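S.K.: heads up, no residue letters with this:
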């Protein structure tokens, strides 16, 4: 059975571009997005997804990484599932982890330095990455900027930024800003070579200067994410996913994937997130009315179900 999701990226250009910070207070409000217009059809632009698994050993490394630090991170479970997609860069195809919970697209370089939880250099194999990218992109590098991101599970990646055409299912997003990772603390799956970020521009992570150790939130430089670039170039303004827990799935650009469905769609608005007083479209944030787990349904029972930011979740396919 497929799990099905249709998302609109048509408003991927928020005017306020502020990077969210750790422990920062935030809130949400409803964005009055329209529901999909029926009837929807199967997209002609479809690419298959491959399921990836993070090994139990890798998960245990992450548990060890946060043990005794005084911090509590959300930890991956053994056999954690992600979905890989083939992406073309300058004629070379790499498998990337499809992540619509982040916005940066990056590939690991052949000169990557792999780090452990103490920022000590370890063998590259310990990062469990797939094929590494050789060289640089022919479209050119971006001077005086660097890439620096920390993920919610403790992983972190730094590198340089370059321009490249990004090919997905035969669609080429031209002159897209892409990071080439040269340093990472990463819990890979042994298959994917980086991430394909499919969220909004507001949470991209380019910063001024060339020294990641000197980065500050105030030096952030917003750039157009892949979905924003595709929108502005007239390539697609929406995408959909059909994924299986025990298999792969499909990413369809512009409409629906080739799976059985009917036209009885439910819809919910994407929440506008406020960071430091500025409203932005950052994640695909929604406010569920209820949950159904193991066949049993339960309505939301938080302390104040009328306050959206107390019950919002992020729709996220990332690992």
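M.R.: Done, it's in. Owing to the predicted nature of the structure, the values given are computational and were not obtained by experimental measurement.
S.K.: Where does pLDDT dip in the stretch 201-319 of the chain?
M.R.: Counting by pLDDT under 70, the stretch 201-319 of the chain has low-confidence residues at 275-277, 295-310, 319.
S.K.: which stretches of it form helices?
M.R.: With DSSP state H, counting those that start in this stretch applied, the stretch 201-319 of the chain shows helices at 226-232, listed in chain order.
S.K.: Equivalent analysis for the stretch 51-200 of the chain, please.
M.R.: Using DSSP H, counting those that start in this stretch, helices in the stretch 51-200 of the chain cover 56-66.
S.K.: Sketch out the low-pLDDT regions of it for me.
M.R.: Applying pLDDT under 70 to the predicted model, the residue ranges of the stretch 51-200 of the chain that meet it are 54-81.
S.K.: shouldn't residue 177 be in contact with residue 223?
M.R.: Yes: distance between residue 177 and residue 223: 4.6 Å, which falls inside the contact criterion (CB atoms under 8 Å). Just so you know, the C-beta spots here come from the backbone N, C-alpha and C atoms, and that holds for glycine as well.
S.K.: of these two, who's got more company?
M.R.: residue 177 (23 against 19; other CB atoms under 10 Å).
S.K.: contacting residues around that one?
M.R.: Taking CB atoms under 8 Å, 6 or more residues apart in numbering as the criterion, residue 177 is in contact with 142, 161, 162, 163, 204, 206, 223, 224.
S.K.: What are the buried residues along the top strand by length along the chain?
M.R.: Secondary structure assigned by DSSP state E gives strand 171-185 as the longest strand of the chain. Taking 16 or more other CB atoms under 10 Å as the neighbour-count basis, strand 171-185 is seen to contain the buried residues 171, 173, 175-185.
S.K.: cool, stretch 267-282 as well?
M.R.: Along stretch 267-282, the positions that meet the burial threshold by neighbour count (16+ other CB under 10 Å) are 269, 270, 271, 272, 273, 274, 275, 279, 280, 281, 282.
S.K.: hey, what's the closest residue to residue 113 other than its chain neighbours bridged with?
M.R.: Across the structure, with CB to CB, 6 or more residues apart in numbering as the measure, the residue nearest residue 113 apart from its sequence neighbours is residue 183 (4.7 Å). Listed by DSSP bridges, the beta-bridge partners for residue 183 are residue 113, residue 158.
S.K.: separation between residue 172 and residue 120?
M.R.: In this structure, residue 172 lies at 40 Å from residue 120, with CB to CB, to the nearest Å as the measure.
S.K.: How about residue 213?
M.R.: With CB to CB as the criterion, residue 213 and residue 120 are 16 Å apart.
S.K.: can you check residue 149 too?
M.R.: To residue 120, residue 149 is 20 Å away according to CB to CB.
S.K.: Likewise for residue 292?
M.R.: When distances are taken as CB to CB, residue 292 and residue 120 turn out to be 44 Å apart.
S.K.: Check residue 216 too.
M.R.: With CB to CB as the criterion, residue 216 and residue 120 are 25 Å apart.
S.K.: How about residue 266?
M.R.: 49 Å.
S.K.: So between the two, which is more surrounded?
M.R.: residue 120 (9 against 6).
S.K.: what residues are up against that one?
M.R.: When contacts are counted by CB under 8 Å, 6+ apart, residue 120 touches no other residue.
S.K.: likewise residue 185?
M.R.: Taking CB under 8 Å, 6+ apart as the criterion, residue 185 is in contact with 114, 115, 116, 117, 119, 127, 154, 155, 156, 157.
S.K.: Mind checking which of these are in strands?
M.R.: When those are checked against strands (DSSP E), the matches are 114, 115, 156, 157.
S.K.: so how far is residue 117 from the nearest residue to the second one once chain neighbours are set aside?
M.R.: If I follow you right, that is residue 115. Of all residues beyond its chain neighbours, the one nearest residue 115 is residue 185 (4.5 Å), with distances taken as CB to CB, 6+ apart. In this view, residue 185 and residue 117 are 7 Å apart by CB to CB.
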